[in-house]
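A.B. asks: Here is the input, now give the coordinates:
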Amino acid sequence: MTAAVAGAPASHISPARGLQNALSLAWRGILKIRKNPEQLLDVTLMPIVFLVMFTYLFGGALGGNVGAYLQTLVPGVLVMNILQASMTIGTQMNTDITKGVFDRFRSMPIARSAPLVGAVLADMVRYVVCLTVLMIVATVMGFRITTGPAEFVLAVLLAIAFGLCFCWLSVFVGMALRSSGAVQGVMFLFIMPLTFGSNVFVANTSTMPGWLQAWADISPVSQLTNVMRSLLTGAPMGGSLAGSLAWMAGAVLVFFPLATLAYRKRV
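C.D. replies: As a prediction, the model looks like this:
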C-alpha cells in the first residue's frame, strides 16, 4: 500500500516541481557535508598527494625539469582528480540505500529521480573544493596560468560539468551493486585504466603501443586534458572540446536512465 501511495504522486509531478525537489535534497546533502567535513578529506588530500608525487617523481625524466613538467601535468591532474571525486558518490548512495535512507524518500510525494539528482548536485561542493585545493597547491609549486580570466572560468565550469556527467556512472554502480565495498572495487577498476591510459602524465602519446595510443587519443580523460591545457596554458586544443562535450553528453544519456532504473528496482 505504501508503494502504491508513493508511486502515484511521483508520476504526476511536473519537471519544474521535480527540479525543486532535487534542489531541496541537494541542500540536504550540502548540510550533511557541513556537519561532517571529513567527507571532504579525499578531495583535499588526494590532489596534493598526486600533484606532489608525480611532479617530483617524473618531472625531471619526462619534462626535462620540474617547472616545465608542472605546466603539462597540472591540467591533467585536474581532470584526474575531478573524475576520482565524481566516483565517490556511488559508494555514499549505496550506503544510504542500505541503511534505509531512501525508504523515507519513497514515502514522500516527490519525483522518483529527485534523490538521485539532488545527491549529484550536492556533489558539486566536492568538485569546487578539489579544484580550489589543487590550484592553490599548484600555484605554490610554480604552476602559472598563461591565459586570461575568461579561459580559467571556462576551464573550471567544464571540469565541474565533466564531474557531474560522469558521476552518473558511479550512481548507477552504487544502485546496481549490493555492498559499498563492491562499488569501491568496481570504480577503482574503472578509474585506474581510464586515467593512466591517457595523456595526463605523458602529453605525447606517440611513444605508447599502437592499441594504447589509439585509445589514449580519444579517451574522455585525454580529450578534457587537452582542453584544460589549452585553456590554462595556451596549448593547441584541436577538436578536443567537441570530443569532451560528446563524451559528457554520452555519459548522461547512457548512465542517467540506467541509474534511475536501478534505483527504482532497489526501492
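A.B. asks: so residue 161 sits right up against residue 248, yeah?
C.D. replies: Yes - between residue 161 and residue 248 there is a contact under Cβ atoms under 8 Å: 6.3 Å. C-beta here means a position set from N, CA and C on the backbone, and glycine is covered the same way.
A.B. asks: Pull the number of nearby residues for residue 40.
C.D. replies: 17 (other Cβ atoms under 10 Å).
A.B. asks: how close does it get to residue 33?
C.D. replies: 7 Å (Cβ to Cβ, to the nearest Å).
A.B. asks: can you list residues touching both of those two?
C.D. replies: Here residue 40 and residue 33 share the contacting residues 125, 126, scored by Cβ atoms under 8 Å, 6 or more residues apart in numbering.
A.B. asks: Show me where the stretch 151-267 of the chain has its helices.
C.D. replies: In the stretch 151-267 of the chain, the helices defined using DSSP state H, counting those that start in this stretch lie at 180-196, 210-218, 220-233, 240-266.
A.B. asks: So which elements touch the last one?
C.D. replies: With contacts defined as 3 or more Cβ pairs under 8 Å, 6 or more residues apart in numbering; DSSP states H and E, helix 240-266 has these neighbours: helix 114-122, helix 149-176, helix 220-233.
A.B. asks: Report the distance from the longest one to the chain centre.
C.D. replies: Pointing back at helix 149-176 there. Mean C-alpha position of helix 149-176 versus that of the full chain (Cα atoms, centre = their mean, to the nearest Å) differs by 4 Å.
A.B. asks: Residue 257: which of the helices and strands packed on helix 240-266 is closest?
C.D. replies: When the helices and strands packed on helix 240-266 are compared for distance to residue 257 using Cβ to Cβ, the nearest one is helix 149-176, at 9.1 Å.
A.B. asks: Run a quick neighbour tally on residue 264.
C.D. replies: Residue 264 - counted by other Cβ under 10 Å - has 13 other residues nearby.
A.B. asks: low pLDDT regions in the stretch 51-200 of the chain?
C.D. replies: 63, 103 (pLDDT under 70).
A.B. asks: Swap in 80 and give it another go.
C.D. replies: Low-confidence regions of the stretch 51-200 of the chain, defined here as pLDDT under 80, cover residues 58-65, 96-114.
A.B. asks: Can you tell me the SS state at residue 110?
C.D. replies: coil (DSSP: H, G, I helix; E, B strand; the rest coil).
A.B. asks: Quickly find the element holding the residue lying closest to it once chain neighbours are set aside.
C.D. replies: In space, residue 110 comes closest to residue 21 once its chain neighbours are excluded; the distance is 4.2 Å by Cβ to Cβ, 6 or more residues apart in numbering. Assigned by DSSP states H and E, residue 21 falls within helix 15-35.
A.B. asks: buried ones in the strand or helix carrying residue 43?
C.D. replies: Per DSSP H and E: residue 43 is located in helix 41-63. For helix 41-63, the neighbour count (16 or more other Cβ atoms under 10 Å) marks 42-44, 46-48, 50-51, 54-55, 59, 62-63 as buried.
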